[in-house]
Each structure stands twice: as structure tokens, then as C-alpha cells.
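*Asks:* got a predicted structure here, sequence first:
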Amino acid sequence: MLRDGRDVACSIRDRTGSLEKGIRRWVSDNTLGRPYWDHPRVRVVKYEDLVESFQSTIRGVLEFIGSEYQDLLQGSQDVLFENDARPDSPAGGKSTSRFSMDAGAGRAFREPSSPWCRTSAEIS
């Protein structure tokens, strides 16, 4: 499962008080996993795709493992992502694109002089 690093950093910052710690954690975790992303037995799933397009994303995962989508899964996203619908959740009702709602974090990710504005090629 791959999640937008900016959202991961904001989430970790909310728990630890350190945006930098969140950024470093995301970079570290993804640097460790990156060598496996192109392996034929690995399917990388973006969290944001799962939230925004649950049915098609799950169908792709099930197809990848040789299973079929069943109507039983319909509505599962309501349970899995219930925090996305709750305004009192830590994400303020949304667990994706949190960085864009956070002025401080958003600025850190947009300023070209910021050490966090690097491409994935620059961090691997």
C-alpha cells in the first residue's frame, strides 16, 4: 500500500509534532520497498486510489491474485474508510490530500528551496 507522502507526513506530524519525522519515515519506508515494486508477484496499490475508486481498485487487486470480485464487497468501503466521512476524525473527515488543507505543511512541500521538494529519483 502506497500513500501520498505528504499525507503521511501530516499524519505523523499530528501524532509526534514533527513534520520532518513524517517525511523521513515515508522516504525510508518507500526506499526499502521500492526494489520490489516491479516484481511480477507484487501489486502496488495507492491508498488514494482505494479511497477514490474502491470498486475498480479492489477488482484489480483481486484479478492480480486470481480471484473474482463479489457483490459481497459492495459497500465495504463505507466500513473501511468510515473516518473519511467523519468530520471529527483526526483527518478532519478526509484522509487524502491533507497536506493541501495544511498551510504549514503545504508550504514545506511547495517551496523549491525546501529539502522535501525532491523527485522520487532523487531520493532513491
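*Replies:* Good, I have the coordinates.
*Asks:* any idea how far the nearest residue to Ser18 once chain neighbours are set aside is from His39?
*Replies:* Excluding the flanking residues, the one nearest Ser18 by CB to CB, 6 or more residues apart in numbering is Ile12, at 7.3 Å. Quick note: C-beta positions are derived from backbone N, CA and C, even for glycine. Ile12 sits at a distance of 27 Å from His39 (criterion: CB to CB, to the nearest Å).
*Asks:* would you state the helices of the protein in chain order?
*Replies:* 5-16, 19-33, 47-52, 54-64, 76-80, 82-85, 98-101, 103-110, 120-123 (DSSP state H).
*Asks:* low-scoring stretches of the protein, by residue?
*Replies:* Counting by pLDDT under 70, the chain shows low-confidence ranges at 71-124.
*Asks:* same thing but 50
*Replies:* Counting by pLDDT under 50, the ranges of the chain that qualify are 85-93, 112, 116-124.
*Asks:* rewinding a little: more crowded one of Ile12 and His39?
*Replies:* Between Ile12 and His39, counted using other CB atoms under 10 Å, the more crowded position is Ile12 (19 against 9).
*Asks:* quick one, what contacts the more buried one?
*Replies:* The neighbourhood of Ile12, defined by CB atoms under 8 Å, 6 or more residues apart in numbering, consists of 18-19, 21-22, 25-26.
*Asks:* show me what contacts the nearest residue to Tyr47 once chain neighbours are set aside?
*Replies:* Once flanking residues are discounted, Tyr47 sits nearest to Arg3: 4.0 Å by CB to CB, 6+ apart. Contact partners of Arg3, counting by CB under 8 Å, 6+ apart, are 26, 46-48.
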